[in-house]
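Q: the sequence and its predicted three-dimensional model are supplied below.
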Amino acid sequence: MSRARIFTIGVVGHRWNRMDQRQEPQLTVTIGRLFAAIDEALQTTTIRLVTGLAEGADHVAAQAMPPRWHLLAVLPMPEKAYEGHLKTHGTGHPQEAIERLRELLARPHSDRVEISLATPDERYVAVQKAILADTNLLIAIWDGAGGAGTGGTNDSITKALANDTLVVWIDSDQDRNRGWRRITAMSSDGPAITQDIGPPQLSEELRR
């Protein structure tokens, strides 16, 4: 993987309606440790993080990025319309989400793609396709439960695995697990099949 000129990391995960916002500080620590391990393993590689910048997991992950990484924000609609969407349909603190969005889009090494499609389903499926298109590693900030269908976190994990993409899971409930695990398969009638993965194993996978 590390032979690629640009190593691309996709991020998918829950909004605040499926995460406890009080756990954000510990979630930030867990994500930060994962990013530090990736950065150490790929010191001479350009690293790009691709995310839809939804409130919740996407914002937390993007804020935890090392400064040298590049951010590609795939917005489901033009920025001003997205701000309006967060204001009226946000699941956390709308104004805080809008301010975070603006700060992340203004950071160095930041680019964006704005989706312009008619229906929400079309928009979010397009965001998913863009995130998964060139991804070498998918990070899923997920509660391990059932998903909301096409374009959601479960669906993104399943599609990434079908493409032989490395998938690393951070449990969105930090009271259950403050580390990270590799997802090797999704089960239709039970929990995902996972294995522990620490910095040494992760480095080995990234350098293949």
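A: Looks like it came in fine.
Q: going forward, measure contacts and count neighbours with C-alpha atoms only.
A: Will do.
Q: quick one: the strands in this structure?
A: Applying DSSP state E to the chain gives strands spanning 6-13, 46-51, 70-75, 110-114, 137-142, 166-171, 181-185, 193-196.
Q: how about those, which one is nearest Gly32?
A: strand 166-171 (11.3 Å; C-alpha to C-alpha).
Q: who does that closest one pair up with?
A: strand 137-142 (parallel), strand 181-185 (antiparallel) (DSSP bridges).
Q: just those: most buried one?
A: Neighbour counts (mean count of other C-alpha atoms under 10 Å) averaged over each of those peak at strand 137-142, with a mean of 25.
Q: what's the burial count for Arg178?
A: When neighbours are counted by other C-alpha atoms under 10 Å, Arg178 registers 15.
Q: ok, Ile157 next?
A: Neighbourhood size, Ile157 [other C-alpha under 10 Å]: 28.
Q: before we move on, back to that, adding mean pLDDT, write the strands paired with strand 166-171 out as a markdown table.
A: Putting these into a markdown table (pLDDT from 0 to 100) gives the following:
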| stretch | mean pLDDT |
| --- | --- |
| strand 137-142 | 97 |
| strand 181-185 | 96 |
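Q: any chance of those strands in TSV, with distance to Thr51 too?
A: Putting those into TSV (distance: least, C-alpha to C-alpha, whole Å) gives the following:
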stretch	distance to Thr51
strand 137-142	10
strand 181-185	19
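Q: circling back to that earlier point, let me know which of the strands of the chain is the nearest to Ala126.
A: Nearest to Ala126, of all these, is strand 70-75, at 9.0 Å by C-alpha to C-alpha.
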